[in-house]
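# my questions are about this predicted structure, shown below with the sequence.
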Amino acid sequence: MIHLHSLSQLVKWHISPTECMDSALVPFTRNLCEAVTGFSDFIFKRNELRQYPEVIALAFWFRAANLKHIRKRLTDDESPKTIHRVFHIAPANVDTVFVYSLLLSVLSGNYNIVRISERSGEITWLLVDIFKQYLNTQQGKLLQALVCIVEYPAKHQTVTEQLSNWCDLRVVWGGDDAIRAISAIAPHTQQVSFPNRYSLAVINANEQTDLALLSRAFLTDVLPFNQQACSSPKAIYWLNTERDVQDRFWKIVLSQLPTINHNLSVSNKVEQHINFQYLAASQGLKMAGKSQSKNGSFARVVSVGALGHCKVSEITPAILEAHSGNGLIIEQDIRNINDIACSTTLQTVSYFGFDDKITLEGVHKRMVPLGKSLNFDVVWDGIDLLQAFN
Amino acid sequence: MFSYPPELFELPVYGVGRADKQAMLDKTLSELSEFHYAHCQAYKNLLDCNGFNPCHQAADAQQPVATKLFKDMALASVPDDEVFRQMRSSGTTGQASKIVLDADSAKRQSKVLVKILQAWLGKQRRPMLLIDSPATVKAAGAMTARAAGLQGLSFFGRDHCYALDENMQLDIPKVRAFFERYSQQPVLIFGFTFIVWQQFIQALKHSNLAFNCVDAILLHGGGWKKMQQQAVTDSLFKQSIKERLGNVSVHDYYGMVEQTGTIYVQCEHGYLHTPVWSDVLIRRPEDLSIADNGESGLIQVNSILPSSYPGHCLLTEDLGIIQGEDDCKCGRLGKYFNVLGRVPKAEVKGCSDTFA
């Protein structure tokens, strides 16, 4: 571990490496599980954290019952463990994701170093703080040897190279440019990466639909991380849904928005207009049902509180790939579920208003009920993390 | 090629009242929209998005194009072989805007800039102190807005003197010689607001230097972002200038590389004025509807100059307030307004820039 300390001039260790990061560990031992669920309890006990739904969701995910459930997946897996040291490169856009990655790897019995960006959001720093405190508790002590958190600028490629040489597996949480840059450093390193993805929602509503419930589920998926998580829906496909039901939906969204915490501000509003123009100018996005008319106005986004929406005639994968989040919802009316813009970069399809689980012919990674888009999953973006960490 | 009636450029800069000016802008801007629609595919896409027909529309109904589009895309209404010059914004953050000019546009921009500035500086060229380094304009590559500004403004002075050395530090002997020679006659001083403040005024203060000009004009622009960070107000700025340099009439200006030529100069009452060839609209950020006078919102700048790229109606990310039209106490006609600064930026945290 000495060579990691030698990096100290270039990096800032939030949680430093210890001398005992060597002995082999067994996955999902009782000790490991207790240390992780202890982290979850530690969060639940602190009332001041209730204002951060992302943090509470994280704690909930690592509760004892869910760990039992996760562990069940592992019983058939007899393959010997090949991974012992994991280097996680956390994204700056989704504050909590690095903790899922880190703790799943801890449970898998690995030593971990997490690189965080100096441009990370408020919640990342909060989580780093919680970790520091937890590691000093009786229950958290076990994790001291397993968890390191380091911050350094991406330009210090030699640091990335040394940490890559240290690890058995490198986990890179997008986007495409970052993955390209990192893959070129110590290129022999075994790696899993999570490139740019887009996600969308498909809604089937009618006069009987509970629109308040629908609106709440929708906002749960759209508002966190300013709609910039890869699994945040960028579009709504209205499947056989009348126009006046859609109008009532947006009215209810408007009335619910002030009751929900979010970080969308005027600059995001301006970004909605700019991004919309960019999609029109570069991708040929067209508003639905419009023809040349002398009295029509130039195209603009319809504002609903902090959000903006716009009905278009056809959504393409390229449009959603160029969508920048910020609370802009592109909508399209469809008659058939297979009219959705599927592609290899489509990640999550969230659905509402279907009796059974729906099936979609086109390529996509994941299907979840609306309101659960941002819920973490052991299989993420088609990659089974427990297998990857084994 | 888009053709302008030649008499258009003979209009008095601040002497055309609302009715006549708006009629001229409505007509010229809608013709420009038609022209760009026919010559720029991306602009056509933008209008076709809602089947919008720009013919015979009022100026405030025309599609405003977000300035950021010039950073993300190449928007041109002239073929590549007619491009005479490419301008780049000096933006220190993120990508730069790329603006293409054909020979006629470049000439027209200069001509209009001359008309506007002569309305403030008079026709007589004054000895000129440039608050920058001579190295700035010598830098190779596409022209930055700062270099273009220095070069463009040089035309309005004579006996030019750069006040800063190659390292952007105050060149005391040169500055002292300039004022010893010219302080008793009319002079012109030009520079970018923050550079004037940080590298010139602060350096003079630090060296305990002051001069006594009898008739100087300071023209400065480039934005207040860094000034606001240091809590420097317009009045503190003006007061510090006068403490160091004597009788100086200080004029801020607002302008952007996307509409070079039609700049907005601050009058003695502290308001920026629209010249006859351009106009300012304020739009509400929520739905881009037109705000009332006195209400702050996003600044849209309209200019009849851009014919080689679809930049005649631009939606900026700056906030401003229109204070009135045709009735400023200074007597100039046209709208007068204030700029409040950029829309406060939320953190940039896109998926694509994780590892930065």
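Perfect, I can see it now. Just so we're clear, the structure is a prediction, and the values are computed from it rather than from any experiment.
# in the helix or strand hosting residue B:106, which of the residues would be classed as buried?
Following DSSP states H and E, one finds residue B:106 within helix B:103-121. Using 16 or more other C-beta atoms under 10 Å in any protein chain shown as the test for burial, helix B:103-121 gives B:104-106, B:108-109, B:112-117, B:119-121. All C-beta spots, glycine's among them, are computed from the backbone N, C-alpha and C.
# make CSV from those residues and add distance to residue A:380 and pLDDT to it.
Output for these, formatted as CSV (distance: C-beta to C-beta, whole Å; pLDDT from 0 to 100):
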residue, distance to residue A:380, pLDDT
B:104, 56, 92
B:105, 52, 91
B:106, 53, 90
B:108, 56, 93
B:109, 53, 91
B:112, 57, 95
B:113, 56, 92
B:114, 62, 92
B:115, 62, 94
B:116, 58, 96
B:117, 60, 94
B:119, 63, 95
B:120, 62, 96
B:121, 64, 93
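# now do the helices in the stretch 1-150 of chain A.
Secondary structure of the stretch 1-150 of chain A (DSSP state H, counting those that start in this stretch): helices located at A:2-5, A:30-44, A:53-61, A:64-72, A:97-107, A:122-135.
# where does chain A dip in pLDDT?
Scanning chain A with the threshold set as pLDDT under 70 gives A:1-5, A:20-22, A:75-78, A:290-295.
# per-domain residue ranges of it.
Per automatic domain parsing, the domain ranges recorded for chain A read A:5-195, A:198-369.
# quick one: low-confidence ranges for the stretch 101-250 of chain B?
Using pLDDT under 70, the stretch 101-250 of chain B drops low at B:140-143.
# for it, what spans make up the strands?
According to DSSP state E, counting those that start in this stretch, the stretch 101-250 of chain B carries its strands in the segments B:126-131, B:143-144, B:157-162, B:187-192, B:213-221, B:246-254.
# got the angle for the last one vs strand B:213-221?
Put plainly, it is strand B:246-254. On the basis of axes from the mean of the first three to the mean of the last three C-alpha atoms, to 10 degrees, strand B:246-254 is oriented at 20 degrees to strand B:213-221.
# show me what strand B:246-254 is packed up against.
strand B:213-221, helix B:234-245, strand B:264-266, strand B:272-273 (3 or more C-beta pairs under 8 Å, 6 or more residues apart in numbering or on different chains; DSSP states H and E).
# reformat those as TSV; add mean neighbour count and distance to chain A.
Shown next, in TSV, are the helices and strands packed on strand B:246-254 (neighbours: other C-beta atoms under 10 Å in any protein chain shown; distance: least, C-beta to the nearest C-beta, whole Å):
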stretch	mean neighbour count	distance to chain A
strand B:213-221	21	23
helix B:234-245	16	23
strand B:264-266	24	21
strand B:272-273	24	21
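# mind listing residues that contact the helix holding residue B:106?
Outside helix B:103-121, the residues within contact range by C-beta atoms under 8 Å, 6 or more residues apart in numbering or on different chains are B:1, B:4, B:9, B:13-14, B:82, B:84-85, B:101, B:152-153, B:155-156, B:188, B:217, B:219, B:251, B:260-263, B:265, B:275, B:277, B:305-308.
# among these, which lie within helices?
B:152, B:153 (DSSP state H).
# and the buried ones among the contacts of helix B:103-121, selectable in PyMOL?
With 16+ other C-beta under 10 Å as the criterion, this PyMOL line picks the buried residues out of the contacts of helix B:103-121:
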select buried, chain B and resi 4+13+14+82+85+101+152+153+156+188+217+219+251+260+261+262+263+265+275+277+305+306+307+308
